[in-house]
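Colleague: mind looking at a prediction? Sequence and model below.
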Amino acid sequence: MRDEDVDAIRRGYESWNRGEPDFALLHPDVEWSPGEESPDAGVFQGRDGFTAFVASWSESFDDFRLEPEEIIVEGDHAIVVVHQSGRGRGSGIELDIRTVHVWTIRDGMAMGWAAYRTTEGARAALADRP
């Protein structure tokens, strides 16, 4: 992974936090998974589905933020430890957790994104890939 790819990932989180998500990094056929613990668990494909998933999160929370705390590069992958916070729009319940996103970047495009609970879980998933 190139430094430019890591910078693009950072800019993506920054644009999200400004309320102006930028999906230019996403390949049209990006494969994505919100994680096994997500109500939307599964593996999906396509930029349009990913943007709809992201929009649903935005609509569910007030002051929703994703702050990358650490980015670990391993080959084509960036493991991003993210501080996720916000307040449930309907419930008012505070969200304040750490989660891990794995981005797979090839030729300057995000080919994959997946969410995990821990860095160890993300690394284990990457080790299981062919």
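Modeller: Looks like it came in fine. Numbering: from 1, shown residues only.
Colleague: contacting residues for Asp128?
Modeller: Listed by C-beta atoms under 8 Å, 6 or more residues apart in numbering, the contact set of Asp128 is empty. All C-beta spots, glycine's among them, are computed from the backbone N, C-alpha and C.
Colleague: go ahead and flag the most central residue of the protein.
Modeller: Residue closest to the average C-alpha location in the chain (C-alpha atoms, centre = their mean): His101, at 4.6 Å.
Colleague: my guess is that one contacts His83, does it?
Modeller: No: in this structure, His101 is not within contact of His83 by C-beta atoms under 8 Å, at 11.5 Å.
Colleague: okay, strands next: where are they in this protein?
Modeller: 26-33, 44-45, 61-74, 77-88, 94-106, 109-116 (DSSP state E).
Colleague: nearest to Arg11, out of those?
Modeller: strand 61-74 (10.7 Å; C-beta to C-beta).
Colleague: quick one: strands adjacent to that closest one?
Modeller: strand 77-88 (antiparallel) (DSSP bridges).
Colleague: which parts of the partner strand are buried?
Modeller: His77, Ala78, Ile79, Val80, Val81, Val82, Gln84, Ser85, Gly86 (16 or more other C-beta atoms under 10 Å).
Colleague: nothing else from me, thank you.
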